[in-house]
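Visitor: Coordinates for the following, if possible.
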Amino acid sequence: MRQQWKELEDTTTEKGDRLYDANRHVLYEQSVDDIDGWIKDIESQIVTEDVGHDLTTVNLLVQKQNILEVSHCFGVTLGLSLLI
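Guide: Residues are numbered from 1 along each chain as shown. Just a heads-up that it's a prediction; the model follows:
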């Protein structure tokens, strides 16, 4: 009886470990997909022919650039967190 109980505990622990690993893998893939979408969004924002023709449009482009830079820092941080 003790041997069977030990086998049940071992099997349960092994299955728990496999479920944990599978869940981490799914979370990793979701994070990678999120980062991929973020990169595509940033690329679409970067590709623009607009260089600004007056002070207002130049200021708007500078604000947009600042937002992209902050977003880039966030993306780098998020990407590094996946390596851990």
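Visitor: what distance separates stretch 7-20 from the centre of its chain?
Guide: 29 Å (C-alpha atoms, centre = their mean, to the nearest Å).
Visitor: actually stretch 49-69, not the one I typed
Guide: 27 Å.
Visitor: ok, now stretch 21-36?
Guide: 8 Å.
Visitor: ditto for stretch 29-43
Guide: Taking mean C-alpha positions (C-alpha atoms, centre = their mean), stretch 29-43 and its chain are 7 Å apart.
Visitor: Stretch 30-48 too?
Guide: The answer for stretch 30-48 is 10 Å, by C-alpha atoms, centre = their mean.
Visitor: which residues in the protein form helices?
Guide: 2-46, 55-83 (DSSP state H).
Visitor: what would the ones you listed look like in JSON lines with mean neighbour count and mean pLDDT?
Guide: (Each C-beta comes from the backbone N, C-alpha and C, glycine too.) Output for those, formatted as JSON lines (neighbours: other C-beta atoms under 10 Å; pLDDT from 0 to 100):
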{"stretch": "helix 2-46", "mean neighbour count": "10", "mean pLDDT": "91"}
{"stretch": "helix 55-83", "mean neighbour count": "11", "mean pLDDT": "77"}
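Visitor: Centroid-nearest residue for this structure?
Guide: What sits nearest the mean C-alpha location of the chain, by C-alpha atoms, centre = their mean, is S31, with 3.6 Å.
Visitor: From E69, how far out is that one?
Guide: Distance from S31 to E69, counting by C-beta to C-beta, to the nearest Å: 22 Å.
Visitor: repeat for I39
Guide: 15 Å.
Visitor: How about M1?
Guide: Using C-beta to C-beta, which is the criterion applied here, M1 is 66 Å from E69.
Visitor: just W5 next, same as before
Guide: Noted for W5: a distance of 59 Å to E69, by C-beta to C-beta.
Visitor: Kind regards, and thank you for your time.
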